[in-house]
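Peer 1: Any chance you can model this:
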Amino acid sequence: MIEFVYPWAFMLIVVPFAVTLFAPAYKERKSSIKVPYFARLVDVTGEKPQSGAVLLNRNNLQRLLIAFSWLCIVTAIAKPEMIGAPINQEKSARDLMIAVDLSGSMSVEDFTLPNVIKNSSTDEGERVNRLVAVKHVLNDFVKGREHDRLGLILFGDAPYLQAPFTDDITTWQALLNESAIGMAGQSTAFGDAIGLAISVFEQSDTQNRVLIVLTDGNDTASKVPPVEAAKVAAAHDIKIYTIAIGDPSAVGEEKVDFEVLNEIAVVTKGKSFQALNSDELLTVYAEIDKLEPQQFDSLSFRPRVSIHHYPIMLFVSIYLLALFIVNIRIRMQLTEQKAQQKAQQKPASEGVSHD
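Peer 2: This next block holds a predicted model:
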């Protein structure tokens with residue numbers, strides 16, 4: 001399918017006709033040819049001397065070539081474009097931020113990864129610390145979110161944006177796997193992590209915003225209480241899912257404040273979960289997957305390729321072809337004239353006698 005960017009340019013087609021109808025013919029005054037043997041030239045050619053103007057007319061082929069060449073130029077000015085078949089692209093309609101607690105209590109080895117990390121002498125899964133279990137399950141979770149834009153916040157004494165929103169899942173996983181316990185400090189700044197997520201979401205155009213927070217302790221280092229931060233998040237249409245991965249019987253800084261986590265989920269219309277082992281953690285992500293199915297914004301466009309150079313190439317080809325034909329005709333006429341001159345000179349030379 002072909003469309004023209006400037007279809008009004010075809011109005012220029014009538015310009016040559018308007019010039020022919022309304023503009024006067026070009027006249028040029030020239031002096032007559034003066035020859036000393038004018039009378040003899042008239043006798044030889046048989047032409048009679050005349051006075052007045054002489055109008056040079058083009059033949060039909062020349063008119064056709066000129067009209068077609070002008071059509072090619074006007075078509076190029078109109079800028080034709082080849083319109084391709086529609087192409088549909090699906091873009092994620094959700095930004096998903098994941099905040100991971102890196103406080104010292106994440107080093108407790110109370111998680112088991114069955115059928116994944118095997119010992120050489122037993123069929124039981126190897127016991128790992130909480131962060132390793134979180135990484136393992138998160139890696140499986142994000143593989144199914146390949147159309148979502150993912151972000152990563154790591155928090156301890158303070159929150160840090162490890163990965164801004166990106167659809168590069170491989171890079172996101174690499175940044176997660178490089179994280180280590182204590183690299184953000186030993187405390188838990190839960191409320192500040194929510195605040196950082198809010199500021200990152202504010203730079204996003206997506207309206208569907210989800211924050212998943214994994215922590216195994218109560219808030220001990222935030223400048224803003226977690227519930228107050230959650231109220232601000234709710235005002236910015238951010239839904240928060242909280243996942244408590246600590247031991248319910250723990251005390252002190254390692255104690256999980258389930259009441260606060262539940263209140264955060266209620267305020268932001270999310271949900272609160274508790275995971276005591278890797279199986280429960282995997283179940284939590286599966287439930288979040290159902291609660292937050294992937295959403296897409298469909299973008300459709302048709303590729304456009306300009307082909308305005310083809311009429312120009314056609315015009316140049318016609319011009320060169322006409323020039324070639326005229327050159328051949330001139331050469332043929334010159335050759336014919338030379339042959340006639342030789343034919344006229346030969347009888348005259350044969351009639352000369354030598355005494």
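
Peer 1: Give me the contacts around the helix or strand containing V100.
Peer 2: Assigned by DSSP states H and E, V100 falls within strand 94-101. Outside strand 94-101, the residues that touch it by CB atoms under 8 Å, 6 or more residues apart in numbering are 131, 134, 138, 145, 148-156, 159, 165, 176, 179, 188, 190, 193-194, 197, 200-201, 204, 206, 208-217, 292, 294-295. (C-beta placed from N, C-alpha, C; glycine too.)

Peer 1: hmm, which of those are the buried ones?
Peer 2: Those of the contacts of strand 94-101 that meet the buried threshold are 131, 134, 138, 145, 148-156, 159, 165, 176, 179, 188, 190, 193-194, 197, 200-201, 204, 206, 208-217, 292, by 16 or more other CB atoms under 10 Å.

Peer 1: sorry, back to before: from the contacts of strand 94-101, which land in strands?
Peer 2: Among those, the residues falling in strands (DSSP state E) are 149-155, 159, 165, 208-215.

Peer 1: Select the helix or strand of this structure having the lowest average pLDDT value.
Peer 2: strand 111-118 (a mean of 58; mean pLDDT, DSSP states H and E).

Peer 1: Would you pull up how far the helix or strand hosting Q333 lies from the middle of the chain?
Peer 2: Using DSSP H and E, the element containing Q333 is helix 309-350. Distance of helix 309-350 from the chain centroid (CA atoms, centre = their mean, to the nearest Å) equals 54 Å.

Peer 1: tilt between the strand holding V100 and strand 149-155?
Peer 2: Calculated by axes from the mean of the first three to the mean of the last three CA atoms, to 10 degrees, strand 94-101 forms an angle of 20 degrees with strand 149-155.

Peer 1: ok, back up a step: can you tell me which helices and strands the helix or strand just after the least confident helix or strand of the chain packs against?
Peer 2: For strand 111-118, the succeeding helix or strand toward the C-terminus, using DSSP H and E, is strand 125-128. Judged by 3 or more CB pairs under 8 Å, 6 or more residues apart in numbering; DSSP states H and E, strand 125-128 is in contact with strand 111-118.

Peer 1: Do you know the pLDDT at N57?
Peer 2: At N57, the pLDDT value in this model is 65.

Peer 1: so what's the backbone phi/psi at G84?
Peer 2: Main-chain dihedrals, G84, degrees, to the nearest 10: phi -80, psi 180.

Peer 1: How about it: what's its closest non-neighbour residue?
Peer 2: Counting by CB to CB, 6 or more residues apart in numbering, P303 is the residue found nearest to G84 once chain neighbours are left out, at 4.0 Å.

Peer 1: list the contacts for the one you found?
Peer 2: Contacts of P303 (CB under 8 Å, 6+ apart): 83-84, 87.

Peer 1: which residues sit in contact with the residue nearest to Y319 when sequence neighbours are not counted?
Peer 2: Of all residues not flanking Y319 in the chain, S69 sits nearest, at 6.8 Å (CB to CB, 6+ apart). When contacts are counted by CB under 8 Å, 6+ apart, S69 is found next to 315, 318-319.

Peer 1: out of those, who has the most neighbours?
Peer 2: Neighbours here mean other CB atoms under 10 Å. Within the contacts of S69, the largest count is held by F315, at 18 neighbours.

Peer 1: what number of residues lie near the closest residue in space to that one that isn't next to it in sequence?
Peer 2: Take F315 and drop its neighbours on the chain: the residue closest to it by CB to CB, 6+ apart is C72, 3.9 Å away. As a burial measure, C72 scores 19 neighbours (other CB under 10 Å).

Peer 1: quick one: buried residues of the host helix or strand of C72?
Peer 2: C72 is part of helix 60-77, with elements assigned from DSSP H and E. Using 16+ other CB under 10 Å as the test for burial, helix 60-77 gives 65, 69, 71-72, 74-77.
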